[in-house]
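Participant: Fold the following.
(one chain, ligands or ions: 2)
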Amino acid sequence: MPALAHALLAALKDHGAREIFGIPGDFVLPLFKVIEESDILPNVTLSHEPAVGFAADAAARYHGGLGVAVVTYGAGAFNLVNAIAGAYAERSPVVVIAGAPGARERVSGFLLHHQARTVDTQLAVFKEITCDQAVLSDPVTAPAQIARVLRSAREMSLPVYLEFPRDMVDAEVEAVVPLPSRQANQEALGECVEEILGRIERAVRPVIVVDVEIRRYGVEDRIAALARKLALPLVTTFMGRGLLDKADDVVAGTYLGAAGDPAITQLVEDADLVLMLGVILSDTNFALSNRAPDPRRMILAASREVQIGHHVYRDMPLGDLIDALDDRATKRTAPTTLPRQRTAYPRGLVADGQPIAPSDIATAINDMFDRHGRMPMTSDIGDCLFTAMEIDNTALAAPGYYAGMGFGVPAGIGVAATGLRPLVLVGDGAFQMTGWELGNCRRYGLDPIVVVFNNCSWEMLRVFQPESRFNNLDDWHYADIANSIGGTGERVATRAELVAALERAAQRRGQFSLIEVMLPRGKTSDTLARFVAGFKSARERMTK
Ligand SMILES: Cc1ncc(Cc2csc(CCOP(=O)(O)OP(=O)(O)O)c2C)c(N)n1
Ligand SMILES: [Mg+2]
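Facilitator: Ligands and ions are numbered 1, 2, ... in the order given. Predicted coordinates:
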């Protein structure tokens, strides 16, 4: 019989984990020894647990499997909380494996180091931000607990929590047998599909809106095929930006309400049927809608449910629904009344001596993508994420709903660890939180390209509260620091310098490249300017 640590690692791999991110501590040292020596999954250690969570989250978003974060008891696990809260909010399936005291320690009578209130406070905290949990303290039940919890992560696309007491690493257990995934009830599925297709047939201006769950459940290609078959226009939400990046013929653009491309906004707000697939009904996705989502003209398939009007079909996995829709739908021709435009993205930046504006960065990146091919991207929160809306539709992992800072660089490291070369967008404020994790790239041969929007400012706060001096940040010269932690940093202040630095970064392999773009305080991307105007007018409407 295998030892519990080996059985767990094999089960993680069987359920779609591709790597482990973590920081060891005495409560998980024995487990980390097995992780390293068994080599069942590659292991990437970082410098601070928030980054471990962000990297595991982004890796899962990109490879479509499970992210894995292994941390020590208490101090390590509590450091992870914010990243897992963000993964929960944005439905990213991260498996938290947290060390814990062994059975005899628990009854030693001592207050244990790393213990907060009680020995079980850690479990109590993670119950709030995971969809399933287990404490692996009994070798007889541990395999079944692991199978149940990992199936929950896969089916709900949400984080889960496994507590691993340090005296259990070598416990002999049965191998973990994966549980079968739970399918939709076929009769309910048929009834649901007929109702949806009937609504589409009767609609005059239907539209599809997609969001992150279509990637979490691996149904992007099937949805692109369905949109083509039904000849329906399709847009992504703000959070869903970058989805269907290989289906330019299907994606018309990104819906941003009052802050977006007017033609895309009209497509959604004039629709008499909005088929929402994998959509999170968050404020960042819909707060700037001129016409709020309305159940009478909306079908929402998300979180394993399908809501049509005011009734709900439960236990309806998105993949089962899409397959059944495709099986029963007949090919439609696109009514000429439906616009099939695709948003045009800015290109052709003039490489001159002009100072750089945020939207120039998008144009320069579009030009680089035209020369070298589109790159997968990660972005932090800040104007960099709004600038990303002006970059051509390429795969993107960003905290578009949870909006927690510090995600961008560790997420880029997580994506790079999956074998891709990402382009990372991050503001100076967010870089100050987790940008230093780049110092771990050299050990693993990772070479992301990082663009730091250095406006020496918490600019997103300044646009709402310009009178506050605390928004003024100092100039830390990030490019200089990059050179000392294993990368190559360039600081640029003109559009010509930006274009040249991007080209050198694209050509440079084997080490991370950091381009520190100097931006004036008070200057934002065109998209953020429209968002702020939209939020302010929406706020005025609400206070009247
Ligand atoms: C973990 C966390 N703590 C605070 C905040 C609140 C915040 C939202 S945006 C922002 C400023 C971001 O500054 P940065 O320089 O990165 O980008 P830019 O605005 O373009 O200049 C803050 C402090 C959030 N969202 N998350
Ligand atoms: Mg800033």
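
Participant: secondary structure element for the residue with the largest distance to the centre of the chain?
Facilitator: In the chain, the residue that sits farthest from the middle, by CA atoms, centre = their mean, is residue 109; the gap is 42.4 Å. According to DSSP states H and E, residue 109 maps onto no helix or strand at all.

Participant: for the stretch 401-544 of the chain, which spans come out with low pLDDT?
Facilitator: 544 (pLDDT under 70).

Participant: residue contacts, whatever residue of the stretch 301-450 of the chain ends up closest to ligand 2?
Facilitator: Distances between the stretch 301-450 of the chain and ligand 2 by CB to the ion are smallest at residue 427, namely 3.9 Å. Bear in mind the C-beta positions are built from the backbone N, C-alpha and C, glycine included. Contacts were defined as CB atoms under 8 Å, 6 or more residues apart in numbering; by that measure residue 427 touches 380, 382, 383, 384, 452, 453, 454, 455, 459, 460.

Participant: now swap in residue 153 and tell me
Facilitator: Residue 153 neighbours (CB under 8 Å, 6+ apart): 15, 66, 93, 94, 95, 131, 132, 159, 160.

Participant: Now for the spatially most central residue of the chain: which residues touch it?
Facilitator: With distances taken as CA atoms, centre = their mean, the residue of the chain nearest its centroid is residue 397 (4.1 Å). Contact analysis of residue 397 by CB under 8 Å, 6+ apart lists 57, 58, 61, 62, 242, 376, 377, 378, 379, 411, 415.

Participant: if you set the cut-off to 6 Å instead, what comes out?
Facilitator: 58, 61, 378, 411 (CB atoms under 6 Å, 6 or more residues apart in numbering).

Participant: Can you give me the separation between the residue of the stretch 301-450 of the chain closest to ligand 2 and ligand 1?
Facilitator: 2 Å (CB to the nearest ligand atom, to the nearest Å).

Participant: Which positions in the stretch 1-150 of the chain make contact with ligand 2?
Facilitator: Residues of the stretch 1-150 of the chain lying close to ligand 2 (CB under 5 Å from the ion): none.

Participant: Now do the contacts for the nearest residue to residue 512 once chain neighbours are set aside.
Facilitator: Residue nearest to residue 512 in three dimensions, not counting chain neighbours: residue 487, with 3.9 Å by CB to CB, 6 or more residues apart in numbering. The neighbours of residue 487, taking CB under 6 Å, 6+ apart as the test, are 438, 511, 512, 514.

Participant: So which of the residues you listed sit within helices?
Facilitator: Residues of these located in helices (DSSP state H): none.

Participant: and the contacts of residue 153 as CSV, adding pLDDT and distance to residue 368?
Facilitator: Converted to CSV, the contacts of residue 153 look like this (pLDDT from 0 to 100; distance: CB to CB, whole Å):
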residue, pLDDT, distance to residue 368
15, 98, 37
66, 98, 32
93, 98, 32
94, 98, 31
95, 99, 35
131, 98, 39
132, 98, 42
159, 98, 34
160, 99, 39
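
Participant: And these, which is closest to ligand 2?
Facilitator: Closest to ligand 2, out of all of the contacts of residue 153 and judged by CB to the ion, is residue 94, at 27.5 Å.

Participant: give me the beta-bridge partners of that closest one?
Facilitator: Beta-bridge pairing of residue 94 under DSSP bridges involves residue 67.

Participant: Does it touch residue 87 like I think?
Facilitator: Yes. Using CB atoms under 6 Å, residue 94 is in contact with residue 87, at 4.6 Å.

Participant: what sits in contact with each of these two?
Facilitator: Listed as contacting both residue 94 and residue 87 by CB under 6 Å, 6+ apart are 57, 159.

Participant: one step back: and the residue nearest to the centre of the chain, bridged to which residues?
Facilitator: Applying DSSP bridges, one finds that residue 397 bridges with residue 378.

Participant: Just give the nearest non-adjacent residue to residue 271, would you?
Facilitator: Closest to residue 271 by CB to CB, 6+ apart is residue 207, at 4.2 Å.

Participant: Could you name the helices and strands sitting against the helix or strand that contains that neighbour?
Facilitator: Residue 207 belongs to strand 206-210 when assigned by DSSP H and E. Applying 3 or more CB pairs under 6 Å, 6 or more residues apart in numbering; DSSP states H and E, one finds that strand 206-210 contacts strand 234-236, strand 273-277.

Participant: And those strands: which comes nearest ligand 2?
Facilitator: strand 234-236 (25.8 Å).

Participant: Alongside ligand 2, which residues does the stretch 351-500 of the chain contribute?
Facilitator: For the stretch 351-500 of the chain, the contact set with ligand 2 under CB under 5 Å from the ion comprises 427, 428, 429, 455, 457, 459.

Participant: neighbour-wise, which of the residues you listed leads?
Facilitator: residue 427 (30 neighbours; other CB atoms under 10 Å).

Participant: What separation do you get for that residue and residue 459?
Facilitator: As judged by CB to CB, to the nearest Å, residue 427 and residue 459 stand 7 Å apart.

Participant: Then residue 108?
Facilitator: Counting by CB to CB, the gap from residue 108 to residue 459 is 51 Å.

Participant: same question, residue 190
Facilitator: Using CB to CB, one gets 52 Å for the distance from residue 190 to residue 459.

Participant: got CSV for the residues of the stretch 351-500 of the chain next to ligand 2, with secondary structure and distance to residue 401 too?
Facilitator: Below are those laid out as CSV (DSSP: H, G, I helix; E, B strand; the rest coil; distance: CB to CB, whole Å):
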residue, secondary structure, distance to residue 401
427, strand, 18
428, helix, 23
429, helix, 19
455, coil, 24
457, strand, 24
459, helix, 20
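
Participant: Kindly indicate which of the residues you listed lies nearest residue 275.
Facilitator: Of all those, residue 427 has the smallest distance to residue 275: 35.0 Å, by CB to CB.

Participant: Kindly calculate the angle that the helix or strand containing residue 268 makes with strand 273-277.
Facilitator: Using DSSP H and E, residue 268 falls within helix 262-269. Using axes from the mean of the first three to the mean of the last three CA atoms, to 10 degrees, the inter-axis angle of helix 262-269 relative to strand 273-277 is 100 degrees.

Participant: picking up where we left off before, which of the contacts of residue 427 sit farthest apart?
Facilitator: Among the contacts of residue 427, 452 and 460 lie farthest apart (CB to CB), at 15.1 Å.

Participant: out of these two, which sits in the busier spot?
Facilitator: With neighbours defined as other CB under 10 Å, residue 452 and residue 460 compare such that residue 452 has more, 29 against 22.

Participant: Provide the backbone phi and psi angles at the more buried one.
Facilitator: phi -100, psi 120 (degrees, to the nearest 10).

Participant: List the contacts of it.
Facilitator: Counting by CB under 6 Å, 6+ apart, the residues that residue 452 touches are 426, 431, 478, 516.

Participant: Which ones among these lie within strands?
Facilitator: Judged by DSSP state E, the contacts of residue 452 include 426, 516 as members of strands.

Participant: What remains of the contacts of residue 452 if I keep only buried residues?
Facilitator: By neighbour count, with 16 or more other CB atoms under 10 Å, the contacts of residue 452 hold 426, 431, 478, 516 as buried.

Participant: The first one pairs with what?
Facilitator: Applying DSSP bridges to residue 426 yields these beta-bridge partners: residue 452.

Participant: Residue 518 too?
Facilitator: Listed by DSSP bridges, the beta-bridge partners for residue 518 are residue 454.

Participant: For ligand 1, see how far away residue 100 is.
Facilitator: Computed as CB to the nearest ligand atom, the residue 100 to ligand 1 distance reads 27 Å.

Participant: State the phi and psi torsions of that residue.
Facilitator: Taking degrees, to the nearest 10, you get phi -160, psi 160 for the backbone angles of residue 100.

Participant: For the stretch 401-544 of the chain, list the residues in contact with ligand 1, please.
Facilitator: 403-406, 427-430, 453, 455, 457-461 (CB under 6 Å from any ligand atom).

Participant: which of the residues you listed lies closest to residue 29?
Facilitator: For these, the residue nearest residue 29 by CB to CB is residue 406; the value is 26.6 Å.

Participant: Helix, strand, or coil at that closest one?
Facilitator: The three-state label given to residue 406 by DSSP: H, G, I helix; E, B strand; the rest coil is coil.

Participant: Thank you, goodbye.
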